[in-house]
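1. with the input below, show me the fold.
(chains A and B)
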Amino acid sequence: MIVKETELPGIGRKFEIEISNKDKVVVIVHDDGRREIYHFDKHDYEESLSSVTLSDTEARQFAAIIGGMIYRPKALETIEMAFDELMIEWYRVESNAFAVGRTIGELDIRQKYEVSVIAIIKGNEKVLNPGPETMIDSGDMLVISGERHGVKRIIKEMFSAEVSSE
Amino acid sequence: MTNHLVLEVGTALIIIALAALLANKINFSIIPFLIICGMIVGPHAPVIGVLDFTFINSNEIITFFGRIGVLFLLFYLGLEFSVGKLVRSGKNIAVGGSIYILINFSLGLIYAYMVGFPLLEVLIIAGIITISSSAIVAKIIVDLRRTANPETELILGIIMFEDIFLAVYLSIISGLVLGDATSVLGVTKSILIAFGYMILFFVIARTCTKHLNRLLNITSNEIFIIVIFASLFFIAGFSETIHVAEAIGALLLGLVFSETQHSERIEKMVIPFRDFFGAIFFFSFGLSIDPFTLGGAVWLALGAVLITIIGNFVAGMIAGRKAGLSHKASSNIGLTIVSRGEFSIIVANIGMAGGLASVLKPFSALYVLILAILGPLLTKESKKIYGVLNSIFKWKKEEKLPLKKKAN
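-> Prediction:
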């Protein structure tokens, strides 16, 4: 994805995004807060196929939907962010990660990282509040919560492939 | 006779408001409507009951409001401008802007000279012809949903380039027109003063930003606005005393403030004043024109319109092609920047203030009216115009091929 940012003096800023199928999406952020989104077909970057205009509030909500921040599984609905430092992260376990084939208890996640696994999504199956005996497999979607640095550390050390191969 | 000054100004504002509503209804720039309304009323108009449509008693104050409008328009222009933006804008815009100014200013000079005007009038007419209306162009681009088009960057860049040209040009021309222009020495002196004044402001903008930041660090909006407006009016007025147009004083002060941290706060604060007093300016400009004098300037204005359209189109075409745009996108450039409005009138007003040929006024009014209405129409129909021109010049062939290759 190539993003090109240019200034439109007197109007605002323009972000041109070329997506993988060569279509182009252009977002104009007006100085007055409006956003315009244009869709250009890959054959013609001069005449847009369609466009929408959003108000500032609409654009923020729209962004949250696109960014996956609004739709959460029911398990998480009641959880509210209590502290700035407390975060919830979704992460798909990479193959060859250290955690693959080990149970939550074995990894001692809660003690070592002060992070709890809230849910694991294995394919279509949801495991809510998984116990220490739950096995983590490659490709599992983990929902973990904890303080920012702990979450970052555990992802790096346990769930991503890069570190475990060292 | 009792003095109904407030009622008269109120009547004028009602007319302005109605014109603005009408313009909004048919989705058009308000500038031509306000000028026409101003022309319709005036000394030749009737007095109906308590409503005095001659605006003779209130003329002075409406004109004064209009003058304030010019100050705000140019103050805002200065505020919006930043050297950083210009440096970042890149080569295409510098090249395109230079080509545009070069072609159109020269065409304006040649045209006015051929028609037989003396030097100062030639310079004023060339200025009127060169400067596009930022307001109309920005509005039409947003309205036609062309903000994302490839040529839009270049169009707005050229407009920005014109604004710089306007600042330099206005400084020189106001020195020439308002100062002593009878001898070579006087002319040189006027130009030097104008330039020195401008450089002084640039130096202040560069060196005193820190002090200004601290000085303007005022929490209370009430006091902030008083301080800003006090400096605006005082400096604009002072500029006049050394034969630099008050508008230039406002513009330069805007430039100084644009370098401070407070530029956005000032901008936000000024916009409603610019819009309100700006509207009165267009109305008062119309008011100052006797519609019966328009006839004498028709051919002059039509000629200038023709020159402008051709000059803008050619300049846009060259600038666009040089920047690597297609013929179609390039043709859009000229057809968009052709609109004329506020700045042409401001230039004409400086000519009037300097007591130049009186035909300038009806000429600029007609010229701006035609291009403020015709310009947006040309922009809107640019696709059809391109189609017609394409069938004459056969541009499309060479363009279609590389595009198809890409698709495969």
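2. where in the stretch 51-200 of chain B is pLDDT low?
-> Within the stretch 51-200 of chain B, the ranges that satisfy pLDDT under 70 run B:84, B:180-181.
3. tell me the residues of it that contact chain A?
-> Neighbours of chain A within the stretch 51-200 of chain B, by CB under 8 Å from any CB of the partner chain: B:80, B:85, B:88-89, B:134, B:138, B:141-142, B:145, B:147-150, B:152-153, B:156-157, B:159-160. For every residue, glycine as well, the C-beta is placed using N, CA and C.
4. how about the residues of chain A near chain B?
-> Residues of chain A lying close to chain B (CB under 8 Å from any CB) are A:6-11, A:14, A:16, A:26, A:28, A:30, A:36, A:38, A:40, A:42-46, A:48, A:51.
5. give me the buried subset of the residues you listed.
-> A:7-11, A:14, A:16, A:26, A:28, A:30, A:36, A:38, A:40, A:45-46, A:48, A:51 (16 or more other CB atoms under 10 Å in any protein chain shown).
6. going along the chain, name the helices of chain A.
-> Ranges of helices in chain A, per DSSP state H, are A:56-66, A:104-107, A:109-113, A:148-154, A:161-164.
7. let me have the ones you listed in CSV, extended by mean pLDDT and mean neighbour count.
-> Formatted as CSV, those follow (pLDDT from 0 to 100; neighbours: other CB atoms under 10 Å in any protein chain shown):
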stretch, mean pLDDT, mean neighbour count
helix A:56-66, 85, 12
helix A:104-107, 87, 16
helix A:109-113, 85, 16
helix A:148-154, 84, 17
helix A:161-164, 58, 14
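8. what is the neighbour count of the nearest residue to B:Asn92 once chain neighbours are set aside?
-> Excluding the flanking residues, the one nearest B:Asn92 by CB to CB, 6 or more residues apart in numbering or on different chains is B:Ala323, at 4.0 Å. B:Ala323 has 21 neighbouring residues, counting by other CB atoms under 10 Å in any protein chain shown.
9. residue contacts, B:Ala323?
-> B:Asn92, B:Val95, B:Gly96, B:Leu154 (CB atoms under 8 Å, 6 or more residues apart in numbering or on different chains).
10. for chain A, what is the nearest residue in the stretch 1-150 of chain B?
-> Here the stretch 1-150 of chain B gets closest to chain A at one residue, B:Ala148, 3.7 Å apart by CB to the nearest CB.
11. can you classify that residue by secondary structure?
-> At B:Ala148 the chain is in coil, as set by DSSP: H, G, I helix; E, B strand; the rest coil.
12. angles on the backbone of it, please.
-> Phi and psi for B:Ala148, reported as degrees, to the nearest 10, are phi -90, psi 0.
13. quick one: it from A:Thr6, how far?
-> Applying CB to CB, to the nearest Å, the value for B:Ala148 to A:Thr6 is 11 Å.
14. which neighbours do these two share?
-> Here B:Ala148 and A:Thr6 have A:Lys14, A:Glu16 as joint contacts, going by CB under 8 Å, 6+ apart.
15. just to revisit the earlier point, what sits against the residue of the stretch 1-150 of chain B closest to chain A?
-> When contacts are counted by CB under 8 Å, 6+ apart, B:Ala148 touches A:Lys14, A:Glu16, A:Val26, A:Ile28, A:Glu36, A:Tyr38, A:Phe40, A:Ser48, A:Ser51.
16. pretty sure the first one sits against B:Arg146.
-> No - when contacts are counted by CB atoms under 8 Å, A:Lys14 is not listed as touching B:Arg146 (11.6 Å).
17. identify the contacts common to those two.
-> The contact sets of A:Lys14 and B:Arg146 overlap at B:Thr152 (CB under 8 Å, 6+ apart).
18. count of residues packed around B:Leu335?
-> Using other CB under 10 Å, B:Leu335 is surrounded by 25 other residues.
19. let me see the contact set for it.
-> With contact set as CB under 8 Å, 6+ apart, B:Leu335 has these partners: B:Asn312, B:Phe313, B:Gly316, B:Leu378, B:Thr379, B:Ser382, B:Ile385.
20. again, only using 7 Å
-> B:Phe313, B:Leu378, B:Thr379, B:Ser382, B:Ile385 (CB atoms under 7 Å, 6 or more residues apart in numbering or on different chains).
21. where's the residue nearest to B:Asn92 relative to B:Gly96, distance?
-> Taking CB to CB, one finds B:Ala323 at 6 Å from B:Gly96.
22. same check on A:Glu18?
-> Taking CB to CB, one finds A:Glu18 at 24 Å from B:Gly96.
23. of those two, who's got more company?
-> B:Gly96 (28 against 17).
24. spatially nearest residue to the more buried one (excluding sequence neighbours)?
-> Closest to B:Gly96 by CB to CB, 6+ apart is B:Ala319, at 3.2 Å.
25. again with B:Leu374
-> Leaving aside its sequence neighbours, B:Leu374 sits nearest to B:Val305 (CB to CB, 6+ apart; 7.2 Å).
26. in stretch B:374-394, what counts as buried?
-> Buried residues in stretch B:374-394 (16+ other CB under 10 Å): B:Leu374, B:Gly375, B:Pro376, B:Leu378, B:Thr379, B:Ser382, B:Ile385, B:Tyr386, B:Leu389, B:Asn390.
27. go on, stretch B:351-366?
-> Neighbour-count burial for stretch B:351-366, counted by 16+ other CB under 10 Å, picks out B:Gly351, B:Met352, B:Gly354, B:Leu356, B:Leu360, B:Lys361, B:Pro362, B:Phe363, B:Ser364, B:Ala365, B:Leu366.
28. out of those, flag the one nearest to B:Phe202.
-> If you rank those by distance to B:Phe202 using CB to CB, B:Gly354 comes first, at 25.1 Å.
29. quick one: low-confidence residue ranges for the stretch 301-408 of chain B.
-> Judged by pLDDT under 70, the stretches of the stretch 301-408 of chain B that qualify are B:396-408.
30. report the two of the contacts of B:Leu335 separated the most.
-> Longest span within these, CB to CB: B:Phe313 and B:Thr379, 11.8 Å.
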